[in-house]
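Trainee: Sequence isn't available, so here's the structure alone:
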């Protein structure tokens, strides 16, 4: 016995016709008849009293009808409950983001997102850029923000913000002199350097540009590896060392004179912050709304970069 057989039994009983039941269920009449025959054989009773004009429930059929109706209604209730839960889940998107976009870009975007789409929900998962991209590629999240590009066949990147990397250092006479006298970054090799963690977009982009300059990490005096940019800035101000960091993350400290900056890119190029999503899957509506907001907000900047 299964629910499809009971559903056929209910339809025949309600419509008093095998042919009408078949039409309502989008089945053939022989299929409906087979469902009823299987039920009768399994229960060892006759469920309908048939003649040339009418189809009526037998006494056993009336008993089964009470239970079958409850089972079908319970099935519908279960489907309804879980479909509502699925709709609610669809409205909640998961956004994976690396540290710099999470702290300095995403809050403003999400405020506008909530203003326009107050019923939509989002969950933020913060990690390094490598993990963000892996989560997007594996379809573990709906959309991501990264500070670097790692080639994955199913990942689509939309660069939306050009961020400069800079070297920041304590505001001392020693470093003021370096800023005045040095023209390239060879002087970094003799300085205590604080680096971001290996998976971060900032570190990956820094390593790419150092390699172009002919500078190896083995040549640098790395004294600490720290994940959080705020902790890195405090460490620089306290004199632990200097660092390569996103200018976006340290603009306030530079403007206030709390730290000094030295341009990191020697050719004037920066690095892109990227929106990344899995192109093999259709974006949920809420994730598409985030994508549209990003394009809208940074359209002028995108034009200036082209």
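Mentor: Good, I have the coordinates. If you're wondering where the values come from, they're calculated on a predicted model, not measured in any experiment. Numbering: from 1, shown residues only.
Trainee: Residue 166 is in contact with residue 248, correct?
Mentor: No. Counting by C-beta atoms under 8 Å, residue 166 is not a contact partner of residue 248; they are 9.8 Å apart. Every residue, glycine included, has its C-beta placed from N, CA and C.
Trainee: how deep is residue 116 tucked in, by neighbour count?
Mentor: 10 (other C-beta atoms under 10 Å).
Trainee: That one is in contact with residue 292, isn't it?
Mentor: No. Checked against C-beta under 8 Å, the pair residue 116 and residue 292 is beyond contact range at 9.5 Å.
Trainee: When residue 248 and residue 166 are compared, which one has more neighbours?
Mentor: residue 166 (24 against 21).
Trainee: Contacts only, for the more buried one.
Mentor: If you count contacts by C-beta atoms under 8 Å, 6 or more residues apart in numbering, residue 166 has them with 244, 245, 246, 247, 250, 254, 261, 262, 263, 264.
Trainee: For the strand or helix carrying it, which strands pair with it and how are they oriented?
Mentor: According to DSSP states H and E, residue 166 maps onto strand 165-170. When sheet partners are counted by DSSP bridges, strand 165-170 sits next to strand 242-246 (antiparallel), strand 259-263 (antiparallel).
Trainee: which of the ones you listed is buried the deepest?
Mentor: Of all the strands paired with strand 165-170, strand 242-246 carries the top mean neighbour count, a mean of 26, counting by mean count of other C-beta atoms under 10 Å.
Trainee: Could you look up the next helix or strand downstream of that strand?
Mentor: Next element after strand 242-246 (DSSP H and E): helix 247-255.
Trainee: Name the residues that touch that next one?
Mentor: For helix 247-255, the external contacting residues (C-beta under 8 Å, 6+ apart) are 100, 103-105, 161, 163-166, 168, 229, 233, 237, 259-261.
Trainee: between those, which is closest to residue 137?
Mentor: residue 100 (20.2 Å; C-beta to C-beta).
Trainee: element containing the closest residue to residue 12 other than its chain neighbours?
Mentor: Excluding the flanking residues, the one nearest residue 12 by C-beta to C-beta, 6 or more residues apart in numbering is residue 21, at 4.4 Å. Assigned by DSSP H and E, residue 21 belongs to helix 18-25.
Trainee: Also residue 175?
Mentor: Secondary structure from DSSP H and E places residue 175 in helix 173-181.
Trainee: chain center to that helix: distance?
Mentor: Taking C-alpha atoms, centre = their mean, to the nearest Å, one finds the center of helix 173-181 at 44 Å from the center of the full chain.
Trainee: quick one, that helix and strand 165-170 angle?
Mentor: Angle between the axes of helix 173-181 and strand 165-170 is 140 degrees (criterion: axes from the mean of the first three to the mean of the last three C-alpha atoms, to 10 degrees).
Trainee: Would you mark the buried spots in whichever helix or strand comes after helix 173-181?
Mentor: Stepping forward along the backbone from helix 173-181, the first helix or strand reached (DSSP H and E) is strand 192-195. Within strand 192-195, the residues scored as buried using 16 or more other C-beta atoms under 10 Å are 193, 194, 195.
Trainee: where exactly do the strands run in the stretch 51-200 of the chain?
Mentor: Ranges of strands in the stretch 51-200 of the chain, per DSSP state E, counting those that start in this stretch, are 55-57, 92-97, 121-126, 143-146, 155-163, 165-170, 192-195.
Trainee: Please identify the most buried of those.
Mentor: strand 143-146 (a mean of 28).
Trainee: what about the residue lying closest to residue 226 once chain neighbours are set aside, helix or strand, and which?
Mentor: Using C-beta to C-beta, 6+ apart and skipping the chain neighbours, the partner closest in space to residue 226 is residue 232 (5.0 Å). Residue 232 is located in helix 229-238, with elements delineated by DSSP H and E.
Trainee: how many neighbours does residue 280 have?
Mentor: 11.
Trainee: measure the nearest residue in space to it that is not next to it in sequence to residue 229 for me?
Mentor: What sits nearest to residue 280 in space, not counting adjacent residues and going by C-beta to C-beta, 6+ apart, is residue 154, at 4.7 Å. Distance of residue 154 to residue 229, given as C-beta to C-beta, to the nearest Å: 30 Å.
Trainee: still on that earlier bit, mind listing what's buried along the helix holding residue 21?
Mentor: Counting neighbours by 16+ other C-beta under 10 Å, one finds that the buried residues in helix 18-25 are 18, 20, 21, 22, 24, 25.
Trainee: And the contacts of whatever helix or strand comes next after that helix?
Mentor: Elements were assigned by DSSP H and E; along the chain past helix 18-25, the next helix or strand is helix 29-43. Here helix 29-43 makes contact (C-beta under 8 Å, 6+ apart) with 1, 4-6, 8-9, 11-12, 18-19, 21-22, 25, 46-48, 60, 64.
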